[in-house]
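Engineer: Build me a model:
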Amino acid sequence: MNRRQLLAAAAAPLLAAPAPARPVAVAKADSYNTDLTATLRQMFDSLGGLAPKVRNKTVTIKLNLTGSPALKFQGRAPSLTHYSHPKLAAALAHLLNEAGATRIRFVESCWATSGPLEEYLLDSGWNVRQLQSIAPKIEFENTNALGKGARYITHKVPNGGLVFPAYELNHSYMDTDVFVSLAKLKDHATCGITLSMKNIFGITPASIYGDDAGVDGPNEAPTKGRVKICHLGERQPARIAASEKDLHSSRSPEYRMPRITAELNAARPIDIAIIDGIETVTGGEGPWIKGIALAKPGVLLAGFNAVNTDAVGAAVMGYDPRAPKGVAPFDTCDNTLLLAESLGLGSADLTRIPVLGTPIADARYAFRKN
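Structural biologist: Predicted coordinates:
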């Protein structure tokens, strides 16, 4: 055996190692007025508890507040349709404090603004003071720009990435010990589904990746979304950030967005994934999508691996998490779950993922009725 063959033989077990498959907890929750703290506590206890993961640590929670707070569906509060719900956020903060977290930080790249996250939450109908009273040290950061940090932090994508080799992100995503995605159970017009992993698409600052991002440097007062760079690839991010690997790759959002989502999860992995399916919408991710409808699946999911958790979430929605492009919900797009699996982030194979609590069959709520 020559040297090359010896190295290949040594690497083979590593290359063949299956993607992680960790348990996912599923629980029924018919209303936001139920004891969500008790429900979440039972779910996390079944997973081994929160304390071993968060005691004496900083925990950062990425909310899902996609789109302007002024955009409502059928006049309902955004948290009853497409936003994270404040009662679930409060229950989580209580449990994290109880488990010994020393600092709890809520973050979101707020739509079309670099203003304080607290103001955005107030506009969204949240009681910020009540949330702040839950634990001694609760912080808020709008990560759409530099915010409270001194500089942006480079997050490299392991193995070079699929679209971008690295991302420049707000300090909050590095200045933490535990990263939580507090997501909503929803369809997505471009990516098929949006669960805990797709929630991370929003960590990119519009100051660098937005339609009005600077060219020579960040625009610290962005007012637009990320369509031109992240969705369509019509331009490159501000020069502070790495350009795309291949300027001749597909410009289709159905190609780009699943890959950017997968590689962002590789660059900034999720430690705790929570999916709110108590009340939501079907048919798309927000009121700007025609044909959405109200839904009450009455379910919560939680896990310590985002790919595993999203795979179970997809199954609860009535979908096959391993469905290829062309099969619902990935009718026109690539499957983000399979892309993440190919990066070694976690398994989307339901046969390998233990489901704790409510079985998938009992939690299932068909997001497509036909």
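Engineer: The stretch 201-350 of the chain: strands as residue ranges?
Structural biologist: Along the stretch 201-350 of the chain, the segments classed as strands by DSSP state E, counting those that start in this stretch run 272-277, 280-282, 293-295, 299-303.
Engineer: Same list (the ones you listed) but as CSV, adding distance to residue 158 and mean neighbour count.
Structural biologist: Bear in mind the C-beta positions are built from the backbone N, C-alpha and C, glycine included. Shown next, in CSV, are the strands of the stretch 201-350 of the chain (distance: least, Cβ to Cβ, whole Å; neighbours: other Cβ atoms under 10 Å):
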stretch, distance to residue 158, mean neighbour count
strand 272-277, 19, 27
strand 280-282, 32, 23
strand 293-295, 36, 15
strand 299-303, 21, 27
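Engineer: Mean pLDDT and distance to residue 215 added to the ones you listed, as JSON lines?
Structural biologist: Below are these laid out as JSON lines (pLDDT from 0 to 100; distance: least, Cβ to Cβ, whole Å):
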{"stretch": "strand 272-277", "mean pLDDT": "98", "distance to residue 215": "36"}
{"stretch": "strand 280-282", "mean pLDDT": "98", "distance to residue 215": "37"}
{"stretch": "strand 293-295", "mean pLDDT": "98", "distance to residue 215": "41"}
{"stretch": "strand 299-303", "mean pLDDT": "99", "distance to residue 215": "40"}
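Engineer: Pipe those strands into JSON lines and attach distance to residue 234 per row.
Structural biologist: Below are the strands of the stretch 201-350 of the chain laid out as JSON lines (distance: least, Cβ to Cβ, whole Å):
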{"stretch": "strand 272-277", "distance to residue 234": "32"}
{"stretch": "strand 280-282", "distance to residue 234": "29"}
{"stretch": "strand 293-295", "distance to residue 234": "32"}
{"stretch": "strand 299-303", "distance to residue 234": "36"}
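Engineer: which phi and psi does residue 186 have?
Structural biologist: With angles defined as degrees, to the nearest 10, residue 186 sits at phi -150, psi 160.
Engineer: which residues does it bridge with?
Structural biologist: Taking DSSP bridges as the rule, residue 186 bridges to residue 194.
Engineer: so it makes contact with residue 281?
Structural biologist: Yes - contact criterion Cβ atoms under 8 Å: residue 186 and residue 281 qualify, at 6.3 Å.
Engineer: Name the residues contacting each of the two.
Structural biologist: residue 82 (Cβ atoms under 8 Å, 6 or more residues apart in numbering).
Engineer: Would you mind measuring from residue 310 to residue 194?
Structural biologist: 9 Å (Cβ to Cβ, to the nearest Å).
Engineer: Next, count neighbours for the nearest residue to residue 222 once chain neighbours are set aside.
Structural biologist: Distances taken as Cβ to Cβ, 6 or more residues apart in numbering place residue 206 nearest to residue 222, at 3.7 Å, with adjacent residues excluded. By the criterion of other Cβ atoms under 10 Å, residue 206 has 29 neighbours.
Engineer: Just the pLDDT at residue 206, thanks.
Structural biologist: Here, the pLDDT recorded for residue 206 equals 97.
Engineer: ok, now which ones touch it?
Structural biologist: Residue 206 sits next to 109, 112, 114, 144, 145, 212, 213, 219, 222, 224, 225, 226 when contact means Cβ under 8 Å, 6+ apart.
Engineer: want to throw the residues you listed into CSV with pLDDT, distance to residue 259 and neighbour count?
Structural biologist: As requested, those are exported to CSV (pLDDT from 0 to 100; distance: Cβ to Cβ, whole Å; neighbours: other Cβ atoms under 10 Å):
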residue, pLDDT, distance to residue 259, neighbour count
109, 97, 19, 31
112, 92, 25, 16
114, 95, 27, 21
144, 97, 22, 32
145, 97, 25, 24
212, 97, 24, 14
213, 97, 20, 26
219, 97, 25, 20
222, 97, 23, 25
224, 95, 22, 14
225, 94, 18, 20
226, 95, 14, 24
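Engineer: So residue 179: helix, strand or coil?
Structural biologist: The three-state assignment at residue 179 reads strand, by DSSP: H, G, I helix; E, B strand; the rest coil.
Engineer: Quick check: it touching residue 267?
Structural biologist: No - at 11.3 Å, residue 179 and residue 267 do not qualify as touching, with contact defined as Cβ under 8 Å.
Engineer: Please enumerate the strands of the stretch 51-200 of the chain.
Structural biologist: 58-62, 103-108, 138-142, 153-156, 166-169, 178-184, 186-188, 192-194.
Engineer: Output the ones you listed as CSV; include the columns mean neighbour count.
Structural biologist: Putting these into CSV (neighbours: other Cβ atoms under 10 Å) gives the following:
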stretch, mean neighbour count
strand 58-62, 23
strand 103-108, 24
strand 138-142, 21
strand 153-156, 15
strand 166-169, 22
strand 178-184, 25
strand 186-188, 26
strand 192-194, 27
